[in-house]
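1. could you look at this predicted model? Sequence included:
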Amino acid sequence: MASSWPSRFAVGLLLSLLICNADAAGKLATYWGQNGNEGSLTSACQSGLYNIIMISFLSVFGNGQTPQLNLAGHCNPAAGTCTGLSQDITTCKSLGVKLLLSIGGGAGSYGLSSTSDAASVATYIWNNYLGGTSTSRPLGSAVLDGVDFDIELGSGAAYYGSLAAALRQHSSSIILGAAPQCPFPDAHLGPNLSGSALSSNLFNYVWVQFYNNPPCQYGSDASNLLAAWKQWTSALPSAKILLGLPASSAAAGSGYVAPSTVVSNVLPQIKASSNYGGAMLYSYYYDQSSGYGAAIKSSL
């Protein structure tokens, strides 16, 4: 009988190439939690569109405050009615979707006053949402995969690097994401600001918000966006950089770009970056009605 080695080698090589191509494909991320009419977290995961979902927002933390989760009309953490999300989280993880707790947001009461304050917040997040233990976990016993920093207001930019480091000390395997505005550097997250989160080089993903900022978002053409993209990808070579966009014109004050334009005029250019990571859409609620994610998914 002739040796089967060449055919086995060819099959192995093909599988390796397919795996590498799958790893190289851009990811699609979105935010869930700020509209009670958007459907369940399970429905978002079962759509098959998203690789990463940010549960938003932990909108009160730091400065000695008791941290508070705000999930709009979905449930009331203070009344303990969000613990039912534990089953959704388990379902999502079984589907391979990564789930991050998003801290901050465009409204709330948050900030950091010191490295010890940052360490305290990190311990709270670890014990109540990640792999630690607590008698009052707002989302129940299921464990999230990491934390997203969507810091848009408040003080303490110099201590978010300490928060990232403290979270990493609890576990080196958690995922850290960040959502800076596209003007470089971001006023709250950096990089190149002393003590800022993105100066720490601890982040896996950075989904830059290319909206609500005319100087660096898509205008009459892609030139402003591409110039900002180059700044971000060059400054953070160790992180995957994702293109953050509104999923519909109603999702942001400015910066909406038609998906056909993104596919033809933006993605072919940004995908050449070695740390290109895909796209982030705000948010699941808007994406449901617009079909934006489905329109760009195959091109990522």
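-> Thanks, I have it.

2. give the pairing partners of the longest strand seen in the chain; include direction for each.
-> Scanning the chain for the longest strand, with DSSP state E as the assignment, gives strand 52-61. Applying DSSP bridges to the sheet, strand 52-61 is found paired with strand 27-32 (parallel), strand 68-69 (antiparallel), strand 98-105 (parallel), strand 109-110 (parallel).

3. from the chain's centre, how far out does that strand sit?
-> Distance of strand 52-61 from the chain centroid (C-alpha atoms, centre = their mean, to the nearest Å) equals 10 Å.

4. stretch 237-251 now?
-> With C-alpha atoms, centre = their mean, you get 9 Å for stretch 237-251.

5. quick one: buried residues of it?
-> Buried positions in stretch 237-251, judged by neighbour count with 16 or more other C-beta atoms under 10 Å: 239-248, 251. For glycine as for every other residue, the C-beta is placed from the backbone atoms N, C-alpha and C.

6. so who does residue 105 touch?
-> Contacts here follow C-beta atoms under 8 Å, 6 or more residues apart in numbering; on that basis residue 105 touches 34, 56-57, 59, 70, 150, 152.

7. hmm, 10 Å instead?
-> When contacts are counted by C-beta atoms under 10 Å, 6 or more residues apart in numbering, residue 105 touches 31, 33-34, 56-59, 70, 150-153, 179.

8. quick check: residue 115 touching residue 165?
-> Yes. The pair residue 115 and residue 165 qualifies as a contact (C-beta atoms under 10 Å) at a distance of 9.0 Å.

9. out of the contacts of residue 105, who's the most crowded?
-> Highest neighbour count within the contacts of residue 105: residue 31, with 31 neighbours (other C-beta atoms under 10 Å).

10. so what's that residue bridging to?
-> Under the criterion used here (DSSP bridges), residue 31 is bridged to residue 54.

11. so which of the strands paired with strand 52-61 comes closest to residue 79?
-> Checking these against residue 79 by C-beta to C-beta gives strand 68-69 as the closest, at 11.7 Å.
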